[in-house]
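J.: using only what follows, build the 3D model:
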Amino acid sequence: AERREFGWPERLIRQGDAGDSMFIIAAGGVEVTLTQDDGSELPVARLGVGEPVGIMSLLTGEPRGANVRATGDLVVYEIGKAAMQTVFERRPQIMEKLAEMIAQMQLENERKEADYRRSRQEEGTVKRGLVQDLVARIKAFFGVRLPPSRAGERRVI
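T.: Alright, predicted model coming up:
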């Protein structure tokens, strides 16, 4: 393993990048986020000493599935594919344990993303309802009556 140091707000991992290594946190901590369709980052975890990050890319060669950023001074040990291959050759049962751990993390991330999307959708629905209610109250207060709109026509109030 190779010792690496980072400081806030450096990224160890960027979602979508290629990778074939993982990191074990030796000192400090990280924040894990998922980039949403609108470009915002949804925080999904905070990890600390002894915890691994970047496992999926190391084990499958798939692009990085999340962003990982140092929350302060950080020391990690990076483990590459060659080192992991040696471990698997000696102890193949570790593959299943790691797969179980990754599956649990993926389920938690999917649940957090679904909750985030649902809350954003509900927020939009509530906002539309509030806007409609406020427009009705403003019209009533000012005594404004607007003619019925025709399909596709925009009105300026």
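
J.: hey, where'd the strands end up in this protein?
T.: Assigned by DSSP state E, the strands in the chain fall at 2-6, 11-13, 21-27, 30-35, 41-47, 52-53, 67-70, 74-80.

J.: helices and strands around the first one, which ones?
T.: This points to strand 2-6. strand 74-80 (3 or more CB pairs under 8 Å, 6 or more residues apart in numbering; DSSP states H and E). (Glycine included, C-beta is placed from N, CA and C.)

J.: neighbours of Leu12, how many?
T.: Each residue near Leu12 was counted by other CB atoms under 10 Å, and the total is 22.

J.: my read is that it contacts Ser21, right?
T.: No: using CB atoms under 8 Å, Leu12 is not in contact with Ser21, being 9.9 Å away.

J.: who touches both of the two?
T.: Gly54 (CB atoms under 8 Å, 6 or more residues apart in numbering).

J.: centroid-nearest residue for this protein?
T.: Leu34 (1.5 Å; CA atoms, centre = their mean).

J.: which residue is the nearest non-sequential neighbour of that residue?
T.: Nearest residue to Leu34, sequence neighbours excluded (CB to CB, 6 or more residues apart in numbering): Leu42, at 4.8 Å.

J.: if I look at the closest residue to Gly19 other than its chain neighbours, how far off is Tyr116?
T.: Using CB to CB, 6+ apart and skipping residues adjacent in sequence, the residue nearest Gly19 is Ser57, 3.6 Å away. Noted for Ser57: a distance of 23 Å to Tyr116, by CB to CB, to the nearest Å.
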